[in-house]
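J.: show me how the following folds:
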Amino acid sequence: MKRMVDKLFISRLNELLPSLSTPRGTYSGEDILRALIGAVQDSDFIEGWVEDQREMGREVPSGDLVHLRLKQLDLEEILQAFNVLNEELCLRLLRLGPRLKPAHLAIDLHAIPYYGGDHGPQVCGGKHERGTSWHHKFGSVAMVDERRFMPHAIPVGQFYSKARLIRRLLEEARRFVKILAVYLDKEFYNVSCLQELEASGERYIVPVRRDKKLSEEMREYRHRSLVVGTRGCTYHATVRTVESKKESVDVQTVFLFRPGEEEDFVFDTNMEVTRKNVEQLADDYGRRWGIETGYRMTEMVRGRTCSQSHSVRRLFHLLSVLLYNLWQLVDAILIIEPGERRRQWGYAIKPKTVMRIIRELVEEAAMGVGI
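T.: Numbers count the residues shown, from 1 in each chain. I've put the predicted structure just below:
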């Protein structure tokens, strides 16, 4: 397993980032990369990780040198390396099962706080939280069934188009899975996104953003709604026009009134909606939380940096997506090839165990031990 992780991930990523190397440098590009990955898996700043390693007598590059080499990477090189390696991990995962397996997908935007002074086009303004109103954002698509992974992630800037983001993410996802349905949150509830979803031909669900007009409609339709299922829910489906200043789109809106729950669920969808399936559609939308779980996992392995370089900061996040998908791949291999049983918590191996394997690889390299 250790050899496979080194070959699939560390050595392969080093091949894809040639700018980390210098012709006459004391340390190779792979030394720099292993120091970066070592700090990431240890949830430490690079400087702190280097200091700890040197105190144990291990030969590793200085924190300043690691940062200097990382700054040599431009965003395009980072994105190209991520796309190639992520595709390789996903394809290897899919080879363990049927090709183009039908899957439910979620699309989401993930914001990472930015505290630097250079706001540029790569930094997005937003809600003030954790001491800043500025963020780096990433659009991601994730498979949210029993087996989860992120087929693609895209850094977005302040001038990005959410509709174009949806198009690109769906195009990438189609290369790996047959889409059963795609779930998005209210951040994608606007005319251009709904137009894109309607034109995509994919089944989708997007919750409707609440406003005064919607509240009035809910009061009206509640009295005309039909009883469904055994939980006391009622529903009403109608075609509504969603408008902006220049454009509009007609979409099917479903009002599902759920007594006893925190709130009713109002959503737009292009799926056929009946008394028999409306509650199931609402329950299926709960799968979208799978991408939020994935984000929490990537936060655990995103690493820490004070670098002001936008490219370096984006590298840290994309690296966390690769580590998440690597864990999913290792787990799938353990379950399918040796036939190990899943544990009660759903996986054959914990992400911490995969991180431990990576830590051992990095430390063995620092001690000059062959893999």
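J.: is it true that Q53 touches V60?
T.: Yes: counting by C-beta atoms under 8 Å, Q53 does reach V60; the two are 4.7 Å apart. Placement of C-beta: from N, CA and C, glycine included.
J.: between the two, which contacts overlap?
T.: 38, 366 (C-beta atoms under 8 Å, 6 or more residues apart in numbering).
J.: and Q122, what is it in contact with?
T.: Counted by C-beta under 8 Å, 6+ apart, Q122 has contacts 75, 136, 155, 157-158, 310, 314.
J.: how far off centre is the longest helix along the chain?
T.: Looking across the chain with DSSP state H, the single longest helix is helix 310-336. Centroid displacement of helix 310-336 relative to its chain, using C-alpha atoms, centre = their mean, to the nearest Å, is 10 Å.
J.: show me what the following helix or strand past it is in contact with.
T.: Later in the chain than helix 310-336, the nearest helix or strand by DSSP states H and E is helix 351-366. Outside helix 351-366, the residues that touch it by C-beta under 8 Å, 6+ apart are 1-2, 5-6, 9-10, 30-31, 34-35, 37-38, 41-42, 53, 58-60, 297, 300-301, 323-324, 326-327, 330, 370-371.
J.: of those, buried ones?
T.: 5-6, 9-10, 30-31, 34-35, 37-38, 41-42, 53, 58, 60, 297, 301, 323-324, 326-327, 330 (16 or more other C-beta atoms under 10 Å).
J.: put the buried members of the contacts of Q122 into a ChimeraX selection.
T.: Applying 16+ other C-beta under 10 Å to the contacts of Q122, the buried members can be selected in ChimeraX as follows:
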select :136,155,310,314
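J.: out of the contacts of Q122, which sit inside strands?
T.: 136, 155 (DSSP state E).
J.: could you dump the contacts of Q122 to JSON lines with distance to S200 and pLDDT?
T.: Below are those laid out as JSON lines (distance: C-beta to C-beta, whole Å; pLDDT from 0 to 100):
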{"residue": "L75", "distance to S200": "27", "pLDDT": "91"}
{"residue": "H136", "distance to S200": "27", "pLDDT": "88"}
{"residue": "P155", "distance to S200": "22", "pLDDT": "91"}
{"residue": "G157", "distance to S200": "23", "pLDDT": "86"}
{"residue": "Q158", "distance to S200": "25", "pLDDT": "84"}
{"residue": "H310", "distance to S200": "30", "pLDDT": "85"}
{"residue": "R314", "distance to S200": "27", "pLDDT": "89"}
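J.: quick one: which of the contacts of Q122 is nearest Y204?
T.: P155 (23.6 Å; C-beta to C-beta).
J.: what's across from the closest one in the sheet?
T.: F138 (DSSP bridges).
J.: low-confidence stretches in the stretch 201-350 of the chain?
T.: 337-346 (pLDDT under 70).
J.: what ranges does it have for its helices?
T.: Taking DSSP state H, counting those that start in this stretch as the test, the helices found in the stretch 201-350 of the chain are 212-222, 278-285, 289-300, 310-336.
J.: among those, which is nearest G229?
T.: It's helix 278-285; of those, that one is closest to G229 (C-beta to C-beta) at 4.9 Å.
J.: got the contact list for the closest one?
T.: 104, 181, 183, 205, 207, 228-229, 231, 233, 235, 237, 254, 256, 258, 265, 267, 269, 271, 273.
J.: now do the buried residues in that helix.
T.: 278-279, 281-282, 284-285.
J.: report the central residue of this protein.
T.: S140 (4.3 Å; C-alpha atoms, centre = their mean).
J.: so that one: helix, strand or coil?
T.: Following DSSP: H, G, I helix; E, B strand; the rest coil, we place S140 in the strand state.
J.: go ahead and confirm it touches G290.
T.: No: using C-beta under 8 Å, S140 makes no contact with G290, being 11.5 Å away.
J.: excluding chain neighbours, what is closest to Y221?
T.: H236 (4.1 Å; C-beta to C-beta, 6 or more residues apart in numbering).
J.: okay, now that neighbour: neighbour count?
T.: 21 (other C-beta atoms under 10 Å).
J.: which of the contacts of helix 351-366 fall within helices?
T.: Reading helices off those with DSSP H, I get 2, 5, 30-31, 34-35, 37-38, 41, 53, 297, 300, 323-324, 326-327, 330.
J.: so which residues of the stretch 101-250 of the chain form strands?
T.: If DSSP state E, counting those that start in this stretch is used as the criterion, the strands of the stretch 101-250 of the chain fall at 102-113, 124-129, 132-144, 148-156, 178-183, 204-207, 226-228, 233-243, 248-257.
J.: which among the ones you listed is found nearest to P18?
T.: strand 148-156 (20.9 Å).
J.: next, the angle from that closest one to strand 132-144.
T.: 140 degrees (axes from the mean of the first three to the mean of the last three C-alpha atoms, to 10 degrees).
J.: got the buried residues for stretch 215-234?
T.: So, applying 16+ other C-beta under 10 Å, buried residues of stretch 215-234: 217-218, 221, 225, 228, 233-234.
J.: which two among those residues are spaced furthest apart?
T.: Taking C-beta to C-beta, no two of these sit farther apart than E217 and V228, at 18.8 Å.
J.: ok so, going back, from I37, how far off is the residue nearest to Y221?
T.: 53 Å (C-beta to C-beta, to the nearest Å).
J.: check E272 too.
T.: In terms of C-beta to C-beta, E272 sits 48 Å off from I37.
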